[in-house]
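Asker: Predicted model follows, preceded by the sequence.
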Amino acid sequence: MDKVKAGAQRLGLELGQDELDMFETFCRELIDWNRRINLTSITDYDAVQVDHFLDALTVVLAWRPGSTLPRVIDVGTGAGIPGIPLKIAFPQIRLTLLEATAKKAEFLRHIVGVLKLDATEVVVGRAEDAARLPQHREQYDLVLGRAVAKLATLAELTLPFCRVGGAVVTHKKGQIADEVEEAEFAIAALGGKLKETVPVDLPEFPDNRCLVVMEKTSPTPEKYPRRAGVPTKKPLLVKSQALNTKS
């Protein structure tokens with residue numbers, strides 16, 4: 001895990017041998033399980049270190065846990081990224097891994113057990129449904145969204161989980177100025193505001209990566225999120241969509 005260790009140091013994180021051993025185990029299990037279950041297209045040992053683990057740890061450029069025990073949810077976590085790497089680095093967080101695919105959730109339960117991660121819950125379900133449950137709605141200090149989706153869609157899938165005063169951090173890369181501007185209406189409609197866009201300035205990532213940080217400033221209206229699939233098909237881009245609770 002030399003690449004993880006070196007990259008983490010550039011982020012201001014000192015990973016001990018125990019943490020590096022956990023990353024090693026995670027990597028080996030991910031590659032092994034991926035032969036049976038389609039967890040990721042990235043399976044090269046070095047690429048997993050950089051494009052999964054180190055990329056996940058870049059969240060610390062925008063957020064770090066304080067003295068409290070923060071609740072964190074990783075929405076659409078897939079193979080457990082970025083949630084599990086963040087949990088390895090900061091074991092004090094209380095982590096929920098939300099994944100809609102049952103087979104991926106099976107892997108998540110396995111790796112949580114193998115790594116002996118306490119205060120870590122695996123929830124099977126879609127974000128649009130889970131965000132309406134009282135145990136999840138507006139209960140989290142930090143919401144992570146690394147899924148490949150437009151920011152307006154990610155806002156609707158993540159902000160309902162975030163408590164007022166909390167934050168949503170999403171991974172993006174490339175030229176996203178237009179995408180951010182396009183999402184401003186959705187972010188506001190869901191009770192948030194764009195706080196900042198943090199560049200990921202590491203030599204491992206020459207592809208213009210950044211973190212988009214949304215701050216939760218007011219409760220999300222009850223009509224959001226809309227039913228499963230709608231935020232992706234019809235992202236909130238104009239006021240007329242916000243007035244229609246069924247579309």
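Answerer: That came through fine. Numbers count the residues shown, from 1 in each chain.

Asker: Can you tell me who the spatially most central residue of the chain pairs with across the strands?
Answerer: Of all residues in the chain, the one closest to the mean position by CA atoms, centre = their mean is Leu144, 2.6 Å from it. Beta-bridge pairing for Leu144 (DSSP bridges): Asp74, Val169.

Asker: was I right about it contacting Arg71?
Answerer: No: counting by CB atoms under 8 Å, Arg71 is not a contact partner of Leu144; they are 11.7 Å apart. Placement of C-beta: from N, CA and C, glycine included.

Asker: List the contacts of the residue nearest to the centre of the chain.
Answerer: Leu144 is in contact with 59, 72-75, 77, 82-83, 86, 158, 168-170, counting by CB atoms under 8 Å, 6 or more residues apart in numbering.

Asker: Determine which two of these are furthest apart.
Answerer: Distances among the contacts of Leu144 were taken as CB to CB; the most separated pair is Leu86 and Thr158, at 15.3 Å.

Asker: So for those two, which residue has more residues nearby?
Answerer: More crowded of Leu86 and Thr158, by other CB atoms under 10 Å: Thr158, with 27 against 24.

Asker: Which among the contacts of Leu144 count as buried?
Answerer: Buried subset of these (neighbour count, 16 or more other CB atoms under 10 Å): 59, 72-75, 77, 82-83, 86, 158, 168-170.

Asker: Leu159 and Ala189 touch, don't they?
Answerer: No: with contacts counted by CB under 8 Å, Leu159 stays clear of Ala189, the gap being 9.3 Å.
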